[in-house]
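Okay, structure incoming, though there's no sequence with it:
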Ligand code: S3P
């Protein structure tokens, strides 16, 4: 599906209470809910393709899960309760799905094959295969000519118990950290992870919430194997709205029309774009902060303001990694230079996002210099009418749409079905704000 945006002078200031649930937390809700020995109910579960694939994979692994709208109830089967699935497990477009679930499958007494769509089949898996192999699993993957890595489909011959290892993360990746932590639940000794560069900590928070013996001392995380249980099975756990989805509307709010966003996840390992935008001079108020015992969330009141581009620090990159496409859009409307370096991981996301940002900035009439590990662009840019290919990458599609809306130009953004992987009601929200699209 291609999307056409038409200019409009009638954007409507809006209060948006329907942002979808957090994608990272929704995956973990299914996984930890399934591995616990109790029932768990989660509300505001993200009913987008990525998380629904994780849900159906655990059903295939024998876990009773019911879903009614955005409420899921998982009857956990405990650490030794997963069953041999029929056929190949399909994670669709989800890197989080395939990497975290492989961590779980590494600790099973059976073999499984897991794969995903064309984009997943080009994403590097050596980063999880190496530590999981050290822990005792055997994982066979595929090769791609000219790329020294391992790619899906992966066939995992699990082992139980696995070895507890000490592992230093070679990339700041929460997916790798989480795969090793999940495998660590099936080990015969503690698993120690050194995390030289901090990245999102949803797994640690949820493991703790489900009673795991997990602690952190500086950059060292320590997990002891042991059963999981939801301490309050009768109380539904509300998943906050996804900060990464809110990010598109935050930039709409700073560069387009006032918006108020409620219930937005404000985990400090996720909300750094907020702090970058505030440094740029954005007018954002954070009110009603709650939920600090599990996953913090709050309401963001955003009004347009003029902004200046700022320096992005290396240690901020893992915390804004998914928001860099929309940060590039904010930079187009701001004075000065945005320079993003130390972000080579962007090359191996749902698409090569450095190349994709280069494509959309150029299509909009901006000038951008690409580096191996980032890019530099100068604003402000008067956005030109444009026609751009999303490359099937949801965040590139949404960032391009927001640029067209804030630039008040006609634009065609090609291949927008991918938006369903993370933000199924994106277009409904655009309509509510008065965006003219078809
Ligand atoms: C995620 C971690 C990040 C992020 C992805 C979701 C997660 O990937 O880009 O969208 O839920 O753990 P990496 O951990 O590979 O950086």
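Everything's here; your move. A quick note: this is a predicted structure, and the numbers were derived from the prediction, not measured.

Return the residues of the stretch 251-400 of the chain in contact with the ligand.
For the stretch 251-400 of the chain, the residues in contact with the ligand (C-beta under 6 Å from any ligand atom) are 321, 322, 345. In this view, the C-beta of every residue, glycine as well, is placed from N, C-alpha and C.

Would you mind confirming that the first one is in contact with residue 343?
Yes - Residue 321 lies in contact with residue 343 (C-beta atoms under 8 Å); the separation is 7.0 Å.

Can you list the low-confidence ranges for this structure?
The model of the chain has no residue with pLDDT under 70.

Show me what residue of it gets nearest to the ligand.
residue 24 (3.2 Å; C-beta to the nearest ligand atom).

which residue ranges form the strands in the stretch 151-300 of the chain?
Under the criterion DSSP state E, counting those that start in this stretch, strands of the stretch 151-300 of the chain are mapped to 166-168, 191-194, 213-217, 220-224, 237-238, 259-265, 283-290, 297-303.

before we move on, back to that, can I have the buried ones of the residues of the stretch 251-400 of the chain next to the ligand as a ChimeraX selection?
To isolate the buried subset of those in ChimeraX, counting by 16 or more other C-beta atoms under 10 Å, use the following:
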select :321,322,345
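
how about CSV for the residues of the stretch 251-400 of the chain next to the ligand, with secondary structure and distance to residue 84 added?
As requested, these are exported to CSV (DSSP: H, G, I helix; E, B strand; the rest coil; distance: C-beta to C-beta, whole Å):
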residue, secondary structure, distance to residue 84
321, helix, 35
322, helix, 34
345, helix, 34
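
now the helices for the chain?
For the chain, applying DSSP state H gives helices covering 23-35, 49-60, 95-105, 126-134, 174-184, 202-209, 243-255, 272-279, 317-320, 324-332, 353-363, 394-407, 426-432.

What residues of the first one count as buried?
Spelled out, it's helix 23-35. In helix 23-35, counting by 16+ other C-beta under 10 Å, buried: 23-35.

re earlier: same list, the helices of the chain, but as TSV with distance to residue 294 please.
Below are the helices of the chain laid out as TSV (distance: least, C-beta to C-beta, whole Å):
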stretch	distance to residue 294
helix 23-35	9
helix 49-60	18
helix 95-105	19
helix 126-134	26
helix 174-184	17
helix 202-209	6
helix 243-255	15
helix 272-279	19
helix 317-320	19
helix 324-332	26
helix 353-363	30
helix 394-407	26
helix 426-432	26
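
what separates residue 225 from residue 168, distance-wise?
Per C-beta to C-beta, to the nearest Å, residue 225 is found 20 Å from residue 168.

Same check on residue 76?
31 Å.

and if you look at residue 322?
Distance, residue 322 to residue 168, using C-beta to C-beta: 24 Å.

One more: residue 294?
28 Å.

Residue 273 too?
From residue 273 to residue 168 the distance is 28 Å (C-beta to C-beta).

between those two, who's got more neighbours?
residue 273 (24 against 12; other C-beta atoms under 10 Å).

wait, that one sits on residue 246?
No - contact between residue 273 and residue 246 fails when scored by C-beta under 8 Å: they sit 9.1 Å apart.

Can you give me every residue that contacts residue 340?
312, 317, 324, 327, 328, 374, 375, 376 (C-beta atoms under 8 Å, 6 or more residues apart in numbering).

ok, now residue 67?
Applying C-beta under 8 Å, 6+ apart, we find residue 67 in contact with 45, 47, 55, 73.

Closest one of the residues you listed to residue 398?
Among the contacts of residue 67, residue 47 lies closest to residue 398 (C-beta to C-beta), at 17.5 Å.
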